[in-house]
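Q: let me see the structure of the following:
(chains A and B)
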Protein chains: 2
Amino acid sequence: MINWNNLDTLGSYNELKKEDKVDLRKVMSGEEGAKRVKSYSVPMAEGMSFNFAAKAVDDKIMGKLKELSKEAQLLEKFEELYNGAVVNTGEKRLVLHQLTRGQLGNDVVCDGVNKREFYVEQQNRIADFANKVHNGEITNAAGEKFTTVVQIGIGGSDLGPRAMYLALENWAKKNNLLKMEAKFISNVDPDDASAVLDSIDVAHSLLILVSKSGTTLETLTNQSFVMNALKKQGLNPADHMIAVTSETSPIAHSDEYLDAFFMDDYIGGRYSSTSAVGGAVLSLAFGPEVFAEFLEGAAEEDKLATNEFEKNPALIDALIGVYERNVLGYESTAVLPYSQALSRFPAHLQQLDMESNGKSVNRDGNAINYVTGPVIFGEPGTNGQHSFYQLLHQGTDIIPLQFVGFKNSQWENDVEIQGSTSQKKLCANVAAQIVAFACGKDDENPNKRFEGGRPSSIIIGDKLTPKTLGALLSHFENKVMFQGFAWNINSFDQEGVQLGKVLAKKVLAHETDGALKAYSDIFNI
Amino acid sequence: MINWNNLDTLGSYNELKKEDKVDLRKVMSGEEGAKRVKSYSVPMAEGMSFNFAAKAVDDKIMGKLKELSKEAQLLEKFEELYNGAVVNTGEKRLVLHQLTRGQLGNDVVCDGVNKREFYVEQQNRIADFANKVHNGEITNAAGEKFTTVVQIGIGGSDLGPRAMYLALENWAKKNNLLKMEAKFISNVDPDDASAVLDSIDVAHSLLILVSKSGTTLETLTNQSFVMNALKKQGLNPADHMIAVTSETSPIAHSDEYLDAFFMDDYIGGRYSSTSAVGGAVLSLAFGPEVFAEFLEGAAEEDKLATNEFEKNPALIDALIGVYERNVLGYESTAVLPYSQALSRFPAHLQQLDMESNGKSVNRDGNAINYVTGPVIFGEPGTNGQHSFYQLLHQGTDIIPLQFVGFKNSQWENDVEIQGSTSQKKLCANVAAQIVAFACGKDDENPNKRFEGGRPSSIIIGDKLTPKTLGALLSHFENKVMFQGFAWNINSFDQEGVQLGKVLAKKVLAHETDGALKAYSDIFNI
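A: You can find the predicted model right below:
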């Protein structure tokens, strides 16, 4: 029997709060610091590692976190999830995104369909379609190859796939694997679609409409934009568009699309990068083999999330986060990848984490009286160093940090200046920052004083490739899931986005009064 | 005599804390709400307005904030600043960025130089240079026109100019004013330079090296990258490069550049978009007239920042922020522009605000015992609505929101779907969100319950143009300045970025031990 209890009812949580706090400045100094760097490290997939030496924990606290993980039955909950339990209680749905990249447990059969087989079937259909586009079997009406793929979607249909595309674009160029350039249209702001349309050759563009329901207003609006652009050139939109949607949506079997590929209700938008939502655009851009490698990396990392505590990087990361949030009281977390290719990875994690765990009621709909998901923000280092790191170092609040770094660049194109390459400088910077944040530095001039005691962890990899990217994505998805389990909230619904939609419709229908009417009047709606 | 006292020593601040809190849900309902929307609004430049109806304030609290502004002598401090006092106490420097766009007070003369005249002279030199590039008087060695301009800089030399360029790129295209496409290289990650170089025709590119000191390691490294690319094509880098730097830097009078344009120590990087740092790239991209309009908008808004409290949008915005931070205890603020063109404006504000006010000591270097600058993050709406808004609506912490919206798009290219244009949908969404956050909504299902009471303000404009963009920029610069004054901190230095630099150099020189050596070993440095 799984114990779905609130965090504050767990004995181990109350024990954890009583533990002595760790002085990071002290433990990260001298030989003890060096020892921590070596021992507070857990292997991840593809030779990567999760290093938490610079987190404000020690063996005692880690022991309590392990107890918490046991008492809250976090691994058992994950097992329930991947075996097909209705973990998304609010919407009464299974949660199956891990199944898009592997099968961790039993067959999951729903309405007579083996879901793993269903997801693989969609991947194969996409692979087949992408290969035909690449080899010229599927072309525009003039028989010319498509050169550009445009994803039209918003939220989870945009942020994840976009971040993944950007993460691999230069890697693909370097390896002659960029089959088609990808572009993304998301915002209902008409300037978004206008700018993308201005930058592409629509006659040679293949458009992917991504909407699970087939009714997302922003997405349908942007579809019309693109259809108008095609019609203006005398082209038939149906020759240029495919759909990614659920099988029951109004666009699933429509003549308006060349083809349609399917996801289902068991994959939330923010968890959909490894489903057809990411699969179509990434397979078209890089080829199905690259997408398959991305899935492999994710599957490998998923397996680690079933490990016991000490060998489970996502679980450790999650519980240190809970400790920082609920015991130490930190309100936000910065994600700082030292890789320009991960420029939009923080924006994806921002959705993944904040939409999943920004909740105030538990799985049963009862109010909880402890804090849940933090604010997530971030930019690539070294850029951030010359920007908001001032506050991270010397501001009045402590912000936990999540670094990511790679030993090698993607282009492997470098210059040596002042005795070191750019890549070495990049790595030296992230190493330096971890220690600067942890240890600080005293100074006679209080302006130049660094308090230290600012915790960080780092994921270190050899190079950002499709596999390591898949593993990174999986790590954070599983971290967020474990945290949601610990907080006893439903990380898989998003009721908080509904009210705004309802009120926006009222504004457009002129069914408003009071403040809403007053704002509508200002905007002359 | 100016009163440079800590916030917590001010009688008005202690009075403010005693005031009854405002229940936003109540005051934003019904006719009272409509009245607030109309009356809690202050004119900004270019017909824009700052509307704070949905902030948790009332006439009493606004009265106390006005008293605080008087007691802390915030307007007098601004006057000191623009008349040339050494407001940057740590570095013993004047603070003159407002002087790049107008003169609010007395002549500021430094070492015999009238600084307004100096900044205008640089603007004129840039305008002259840009015109010659545009009309073909200055070309590459083959006598062909430059088509692309590449800014090489980091931090303030990157984020502001990049955000401003992106904000006006489509406006310029629409109005046939895009003279040259601009690109930006910032990160020391070699993949950043490699990707940009892969996307441009270097033979027709003009490169701007931007570094005040002429010694910024990231920037010099990226310069070498670009120089190598030019040499590989048999081109002379000196035919392709200009510098923006201080007159005393090693690159100010070098044969390696076609020309050099100057800023000085009185303009911090994050305040440098209206100096030569933004001037060169924006004048080359859009023409000097467009840059001049941008400055005009900023100058107009600067004047409003000298107004008495009731007519001073930056001052009101600043003090409501202090109230939220120090009395209500909110730790972060989201910046949410409903304009895709402002996609990187939040990243610029993140630097502007967090680097300026992320401080723990006062102007005299003494520790303070109240919180200062918040975490700033954000993404354009409507994208954010489908991402992290879940947490903003239903998370356990309250995050104040800063909306920006425009009645018209830049392209003026739109489609009508379900009875409304995209632009109307965009405006309807921001109006709806303000009310949803403020008023919330009860529901029998606790999952669908919105607590409300989540404060926001909005800046509303007619259209995003060079002038409105300049005004927006000025508003936030002045807001940050007033907050720094209220907190009695130095908003113009950034000592917090130094320690990381020092340690990174040690890593590269292999002069490390302990944890730092251990991390260096992992990265194989």
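Q: on the three-state scheme, the spatially closest residue to residue A:239 that is not a sequence neighbour is what?
A: Spatially, and ignoring its direct neighbours in sequence, residue A:239 is nearest to residue A:141 (4.9 Å; CB to CB, 6 or more residues apart in numbering or on different chains). In short, each C-beta sits where N, CA and C put it, glycine included. The three-state assignment at residue A:141 reads coil, by DSSP: H, G, I helix; E, B strand; the rest coil.
Q: any idea how many residues pack against residue A:141?
A: Applying other CB atoms under 10 Å in any protein chain shown, we find 12 residues neighbouring residue A:141.
Q: what's the distance between it and residue A:284?
A: Look at residue A:141 and residue A:284: by CB to CB, to the nearest Å, they are 18 Å apart.
Q: thinking again about what came up before, look up phi and psi at the residue nearest to residue A:239.
A: Dihedral angles of residue A:141 (phi, psi; degrees, to the nearest 10) stand at phi -60, psi -20.
Q: domains of chain A?
A: When chain A is parsed with automatic domain parsing, its domains come out as A:101-292, A:494-525.
Q: which residues in the stretch 151-300 of chain A form helices?
A: Secondary structure of the stretch 151-300 of chain A (DSSP state H, counting those that start in this stretch): helices located at A:159-174, A:190-199, A:217-232, A:276-286, A:288-304.
Q: residue A:23: which of those helices is closest?
A: Among these, the nearest to residue A:23 by CB to CB is helix A:288-304 (30.7 Å).
Q: next secondary structure element downstream of that closest one?
A: Once helix A:288-304 ends, the next helix or strand along the chain (criterion: DSSP states H and E) is helix A:313-322.
Q: for that next one, name the packing helices and strands.
A: Packed against helix A:313-322, as judged by 3 or more CB pairs under 8 Å, 6 or more residues apart in numbering or on different chains; DSSP states H and E, are the following elements: strand A:41-43, strand A:49-51, helix A:59-71, helix A:74-82, helix A:288-304, helix A:466-487.
Q: what's the fourth one packed up against?
A: On a contact count with 3+ CB pairs under 8 Å, 6+ apart, helix A:74-82 meets helix A:313-322, helix A:466-487.
Q: repeat that for the first one.
A: Contacting strand A:41-43 under the criterion 3+ CB pairs under 8 Å, 6+ apart are the following elements: strand A:49-51, helix A:313-322.
Q: for the closest residue to residue A:206 other than its chain neighbours, give me the backbone phi and psi.
A: Among residues not flanking residue A:206 along the chain, residue A:146 sits closest, at 4.3 Å (CB to CB, 6+ apart). Main-chain torsions, residue A:146, degrees, to the nearest 10: phi -80, psi 140.
Q: show me the contacts for residue A:146.
A: Going by CB atoms under 8 Å, 6 or more residues apart in numbering or on different chains, residue A:146 touches A:133, A:138, A:139, A:140, A:180, A:204, A:205, A:206.
Q: try it again at 6 Å.
A: A:133, A:204, A:206 (CB atoms under 6 Å, 6 or more residues apart in numbering or on different chains).
Q: take those residues and keep only those in strands.
A: Counting by DSSP state E, the part of the contacts of residue A:146 found in strands is residue A:206.
Q: give me the pLDDT for the closest residue to chain B within the stretch 151-300 of chain A.
A: The minimum distance from the stretch 151-300 of chain A to chain B, using CB to the nearest CB, falls at residue A:155 (2.7 Å). On the pLDDT scale, residue A:155 is placed at 94.
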